[in-house]
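Visitor: Provided below are the primary sequence and the corresponding predicted coordinates.
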Amino acid sequence: MRIVGSVIALFVVACASAGKRVGDCTPVAVEQRGGVAEVYRSCAVDVAAMPEEGGARPIYTPPRPDFCARVDLEMVVDTAGLVVLSSVNVKRSTDRGLLDVVNALLPSLRYTPARKGSTAVAQLVEYGIAIAGTGASTPVSGLNDASTRRRPRPQC
């Protein structure tokens with residue numbers, strides 16, 4: 001679906017770490033783990049957790065034509081590729097409505113789990129979405145749409 005006058009950008013940056021320092025890779029603090037015993041940053045895994053293609057997508061209607069908002073989260077993705085909801089930490093949010101949509105979506109997000117060797121491991125992942133509109137009041141969607149990852153991220 002083409003959305004005229006609106007831009008949505010998504011970034012999903014994986015970040016995880018082992019209990020020991022690896023190069024510049026710092027350990028994941030206990031309070032960031034959401035009850036998971038061992039959580040890694042992307043710099044400490046062989047293969048980082050990645051969102052599954054065709055996964056859940058937010059649907060959000062901008063409240064006004066000059067709308068620009070973003071939500072940045074940090075969360076643990078477990079060995080099954082599911083978000084550990086108790087680990088979610090809001091790093092930045094400029095719009096409560098968009099944050100509510102993203103929070104409602106989190107239980108349905110699916111990832112390919114991070115791996116160390118042949119073993120699936122939990123990873124600390126950064127997740128963000130930004131939406132900018134210029135006159136559109138059409139619902140905006142496209143969370144895991146690969147085409148949205150190539151667009152410049154709005155600066156909200």
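Guide: Structure received.
Visitor: from here on, contacts and neighbour counts on C-alpha atoms
Guide: OK.
Visitor: which other helices and strands contact the lengthiest strand in the chain?
Guide: If you go by DSSP state E, the chain has its longest strand at strand 119-133. In terms of contacts (3 or more CA pairs under 8 Å, 6 or more residues apart in numbering; DSSP states H and E), strand 119-133 is packed against strand 6-14, strand 39-40, strand 68-77, strand 114-116.
Visitor: Following the chain onward from the third one, which element is next?
Guide: The first helix or strand that comes after strand 68-77 along the chain, using DSSP states H and E, is strand 83-93.
Visitor: can you check the shortest one too?
Guide: The helix or strand immediately downstream of strand 39-40 is strand 50-51, counting by DSSP H and E.
Visitor: before we move on, the earlier item: restrict the longest strand of the chain to CA atoms and write it as PDB.
Guide: These are the backbone C-alpha positions of strand 119-133, laid out as PDB (Å, rounded to 0.1, in the frame of the first residue of the first chain):
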ATOM      1  CA  THR A 119      22.900 -22.400  20.500                       C
ATOM      2  CA  ALA A 120      20.000 -19.900  20.500                       C
ATOM      3  CA  VAL A 121      20.600 -17.200  23.200                       C
ATOM      4  CA  ALA A 122      18.600 -14.200  24.600                       C
ATOM      5  CA  GLN A 123      19.700 -10.800  23.200                       C
ATOM      6  CA  LEU A 124      19.100  -7.200  24.200                       C
ATOM      7  CA  VAL A 125      17.600  -5.500  21.200                       C
ATOM      8  CA  GLU A 126      16.900  -1.900  20.400                       C
ATOM      9  CA  TYR A 127      13.600  -1.300  18.600                       C
ATOM     10  CA  GLY A 128      12.400   2.000  17.100                       C
ATOM     11  CA  ILE A 129       9.800   3.400  14.900                       C
ATOM     12  CA  ALA A 130       9.300   7.000  13.500                       C
ATOM     13  CA  ILE A 131       6.400   8.400  11.600                       C
ATOM     14  CA  ALA A 132       6.100  11.700   9.900                       C
ATOM     15  CA  GLY A 133       3.000  12.900   8.000                       C
END
